[in-house]
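Engineer: Predicted model and sequence below, questions to follow.
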Amino acid sequence: MLYLPINGKYYYLEVYNMKHTGYTISDASKHLNVEAHVLRYWEEELELNIQRNELGHRCYSEKDILLFQHIRVLKDEGFSLHDIKTTLPELIKRKKLDKETIQLFKSRLNSAALVPANSDISRKKTDNNSLKQEDKLTQFKEIMDSIISQAISNNNKQLSEMICENTSERIIKEMNYLFRTLDDDENTRIMQLEAAIEAAAGVRLKSGNSQGLNVAATLENNRKKKHFFKRKNK
């Protein structure tokens, strides 16, 4: 068994027989001092490719055991599985994990963490600029809407006046036509009535009937009244 001191802590790593065909999850758990369910969880989260035997059971190689030992060391140093996953390609290649290597991994993670922060600041500035542009566009749109609304209002007023004027002229023309039509009809009826009366009166005048004289007098009075009303209407 090999004890590996890192940052004042001692980690043990058993020296395995490289000719060993493989270890079960129980064997790996004992060698690494890590619960079996934890090893399965690490395997899933880090997407590790652990070989299986003909029965479908996990079969850990010497490299797998060494890799899990490195993972355990980094976990004890405060690394998250997400952090470990970013260093996994290099971690797989390493046969040892010393203090300098762990510090190097930490430095890389800290530098990577600063990039998103700077990106967030830049994105916020870009968003603020976009908001300012949107505000300007909104103000411009409001001004244009106000101008257009005022123009439509003024045009509506003018259109209303034009419509009222045209409508009044049309109504007057139609009323004049109607009155002329009524006058013509009335004149026609009066003329027909006068013709009938004259015909009757003429017959009676020839026979010397006194009633014919009265009818003729009445007809004359009606003619005078009709001409009087026409002059008055004019």
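Structural biologist: Perfect, I can see it now.

Engineer: Could you check how far residue 35 is from residue 98?
Structural biologist: 26 Å (Cβ to Cβ, to the nearest Å). Where C-beta positions appear, they are placed from N, C-alpha and C, glycine not excepted.

Engineer: no wait, residue 63
Structural biologist: Taken as Cβ to Cβ, the span from residue 63 to residue 98 is 18 Å.

Engineer: Also residue 34?
Structural biologist: Counting by Cβ to Cβ, the gap from residue 34 to residue 98 is 21 Å.

Engineer: which one of these two has more residues nearby?
Structural biologist: For residue 34 versus residue 98, neighbours defined as other Cβ atoms under 10 Å are more numerous around residue 34 (18 against 13).

Engineer: OK, contacts around that one?
Structural biologist: Contacts for residue 34 (Cβ atoms under 8 Å, 6 or more residues apart in numbering) come out as 28, 68, 72.

Engineer: Am I right that the second one is in contact with residue 42?
Structural biologist: Yes: when contacts are counted by Cβ atoms under 8 Å, residue 68 is listed as touching residue 42 (7.0 Å).

Engineer: Neighbour count for these two, which is higher?
Structural biologist: Ranked by neighbour count (other Cβ under 10 Å), residue 68 and residue 42 place residue 68 first, with 23 against 18.

Engineer: Roughly how far does the more buried one sit from residue 62?
Structural biologist: 11 Å.

Engineer: Same question for residue 46.
Structural biologist: Applying Cβ to Cβ to residue 46 and residue 62 gives a distance of 18 Å.

Engineer: Over to residue 50?
Structural biologist: 13 Å.

Engineer: now do residue 35
Structural biologist: In terms of Cβ to Cβ, residue 35 sits 21 Å off from residue 62.

Engineer: And those two? Which one has more around it.
Structural biologist: residue 62 (15 against 10).

Engineer: What score does the more buried one have for pLDDT?
Structural biologist: At residue 62, the model reports a pLDDT of 91.

Engineer: List the buried residues in the helix or strand that contains residue 66.
Structural biologist: If you go by DSSP states H and E, residue 66 is part of helix 62-76. Of all the residues in helix 62-76, those buried under the rule 16 or more other Cβ atoms under 10 Å are 64, 65, 66, 67, 68, 69, 70, 71, 72, 73, 74, 75.
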